[in-house]
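Participant: fold the following for me, if possible:
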Amino acid sequence: MKKISLTLLVATFGFSATTFAQYAGDALRFSQTNYGSNARFKAMGNAQVGVGGDMSSMSANPAGLGLMTKSDFSLTPEFNSANAQSTFLGEQSDNSRLKLNFNQIGAAFYLPMFTSSKRKPGSDEIISFVFGLGYNRNNDFNIENYHSGTNYSNSINNYFAELGGSTTPNTLPTDGERRLARPAFDDYNINYDATNAKYTSGINTKEGVLQSRNDRKSGGTSEFNISSALNLGNQLYFGLSLGIVSVRYRSEASYEENGWANRYNDKGVQLADVKYNSFYNQTQETRGSGVNLKLGVMYKPAPFFRVGATLHTPSWIQITDSYTEGLDNTKTQDGSAYSQIYDFEYAITTPLKASLGTSFIIGNSAIISADVDYVDYSMINFSRSAAAEQTLNIDVNTINKNNKEVRDKYTGAMNYRVGGEYKINQFSVRMGYGLNGSPYKNDGSGYFDTQIYSGGLGYRFGDYYLDLTYQQVKNKTNYSTYTLSDNSHPVATFANTFNNTFLTFGVKF
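Facilitator: Numbers count the residues shown, from 1 in each chain. Take a look at the predicted model:
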């Protein structure tokens, strides 16, 4: 069991109280993947389902491999710059993080099957078979968020006081959902009111409480695809990919409060006020692996027009999660430090994704492509992991709670992509745009949509090619470290911008 703070959907609907054993946000994070591709298609907004003839088809629409007429090898490093601008209690902050990653590598092997030179192939004859192996990174979690401001209304210790309930100090729990009340009481951050049988915050909010939080996230999701495709009559194409999924996520968060504490002893006698400095620290390490399948078809009714469809099965992923949380009051008089580790193993099934795409070739020098996806995030499902089954370490209550939260919070979403490429001799100019719809219920305004802008250049020299792409991804998130029973809480809003650069080197053979 663990506790992490929820991302709060402020703009469009009410707040949810902070909950324990909350994994639904992680499952959503691991389900929001983009099609892996090289720099060429990233420049075209990743609109590739109806294009084909490229290594990137292994991840998007494997039928597109059938349009290849040569074997191909490519690799793509990427440089990422993540910037988060926050607003919290009227104060603004800005934070950036840089990262170098390896985005894509793969090879596809073209095998001609139709050898007759005396006649044209029939529509049902196999022209070629293509087999491919490729790795791609399809989601990136690297970002660092910071926010800070002065709160004159409440403190996180109000939340710890509510956790204490009416339990007397000597029976406060040291484990379970109310566990943080114990160290908060021991360090005088909350006081017990014996007359009214409840706990109160010992913090003087009238003087103002300086609250700040730093979140540092890293990791990503990736796939290794084993793909194949058939070309029937240079008109109809079928493809299949087996994806081996890898998940790695790490989060380090430190919430800090500074202010004045009103202290009372066990008999209710007020002691001298002290200046306090308190930290609430959280660390999460999550790893997982799984599999999925991709089925694709493409049809070319005319040389200048293509249409494609692909169905991505859910990914079946086994997850191992280790979560540590603690209170550190060692910088406060008579303060101490507390921490506890919670390990949990579970399995998730991500949503199925269905995509349609089309492309038009204009005068052999330009191409315009467009895609649409549908993903129902309410179909995310938690279940017992294989490891938990073997050890009988099964937390059914946590699994059921998170499945309910998925159904309550998430819904279906549409993703749209459009792109274009114009060739001038050996050079190519590309542009694209994508919109990933919000996965949250009641977000009719699209506040939590993700927008993707891209552009790039390509150069061909013989069988070699170089592609350079710049991509900008923008989204918004809202966050609160705690929520009180009366729904009051301090909320930080973030405008996130990811500036990514991709460079692909490839060779056809």
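Participant: SS state for the closest residue to Asn329 other than its chain neighbours?
Facilitator: Nearest residue to Asn329, sequence neighbours excluded (Cβ to Cβ, 6 or more residues apart in numbering): Gly335, at 3.1 Å. For every residue, glycine as well, the C-beta is placed using N, CA and C. Put simply, Gly335 is coil when judged by DSSP: H, G, I helix; E, B strand; the rest coil.
Participant: how far away is Gly335 from Glu207?
Facilitator: 19 Å (Cβ to Cβ, to the nearest Å).
Participant: so, low pLDDT: which residues of the stretch 201-350 of the chain?
Facilitator: Applying pLDDT under 70 to the stretch 201-350 of the chain flags the ranges 264-270.
Participant: tell me the strands in it, going along the chain?
Facilitator: Ranges of strands within the stretch 201-350 of the chain are 209-232, 236-261, 274-302, 305-312, 316-328, 337-349, based on DSSP state E, counting those that start in this stretch.
Participant: the fifth one: partners in the sheet, and parallel or antiparallel?
Facilitator: Which is strand 316-328. Next to strand 316-328 in the sheet, as set by DSSP bridges, lie strand 274-302 (antiparallel), strand 337-349 (antiparallel).
Participant: could I get the ones you listed in JSON lines, plus columns for distance to Phe141?
Facilitator: Conversion of the strands paired with strand 316-328 to JSON lines gives the following (distance: least, Cβ to Cβ, whole Å):
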{"stretch": "strand 274-302", "distance to Phe141": "10"}
{"stretch": "strand 337-349", "distance to Phe141": "16"}
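Participant: can you say which of those is nearest to Gly506?
Facilitator: Nearest of these to Gly506, taken as Cβ to Cβ: strand 274-302 at 21.2 Å.
Participant: flag every buried residue along that closest one.
Facilitator: For strand 274-302, the neighbour count (16 or more other Cβ atoms under 10 Å) marks 276-286, 288, 290, 292, 294-298, 300 as buried.
Participant: for the residue nearest to Asn329, which residues are in contact?
Facilitator: Each residue near Gly335 by Cβ atoms under 8 Å, 6 or more residues apart in numbering is listed here: Asp187, Tyr276, Ser278, Asp328, Asn329.
Participant: from those, pick the one nearest Met58.
Facilitator: Asp328 (47.4 Å).
Participant: these two touch, right, the closest one and Ser278?
Facilitator: Yes: contact criterion Cβ atoms under 8 Å: Asp328 and Ser278 qualify, at 7.3 Å.
Participant: re earlier: dihedrals phi and psi, the residue nearest to Asn329?
Facilitator: Reported as degrees, to the nearest 10, the phi and psi values for Gly335 are phi -80, psi 160.
Participant: quick one: it from Glu162, how far?
Facilitator: 21 Å.
Participant: and Thr200, by the same measure?
Facilitator: 10 Å.
Participant: and the two? Which one has more around it.
Facilitator: Set side by side, Thr200 and Glu162 show more neighbours around Glu162, with 21 against 17, by other Cβ atoms under 10 Å.
Participant: quick check, the more buried one in a helix?
Facilitator: Yes: looking at Glu162 with three-state DSSP, it is inside a helix.
Participant: and it, what pLDDT?
Facilitator: Per-residue pLDDT puts Glu162 at 94.
Participant: before we move on, what about Thr12?
Facilitator: 33.
Participant: isn't Lys198 right up against Thr167?
Facilitator: No: using Cβ under 8 Å, Lys198 makes no contact with Thr167, being 9.6 Å away.
Participant: follow-up on the earlier one: just put the contacts of Gly335 in JSON lines and tack on distance to Ile156.
Facilitator: What follows is those, written out as JSON lines (distance: Cβ to Cβ, whole Å):
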{"residue": "Asp187", "distance to Ile156": "13"}
{"residue": "Tyr276", "distance to Ile156": "12"}
{"residue": "Ser278", "distance to Ile156": "8"}
{"residue": "Asp328", "distance to Ile156": "13"}
{"residue": "Asn329", "distance to Ile156": "12"}
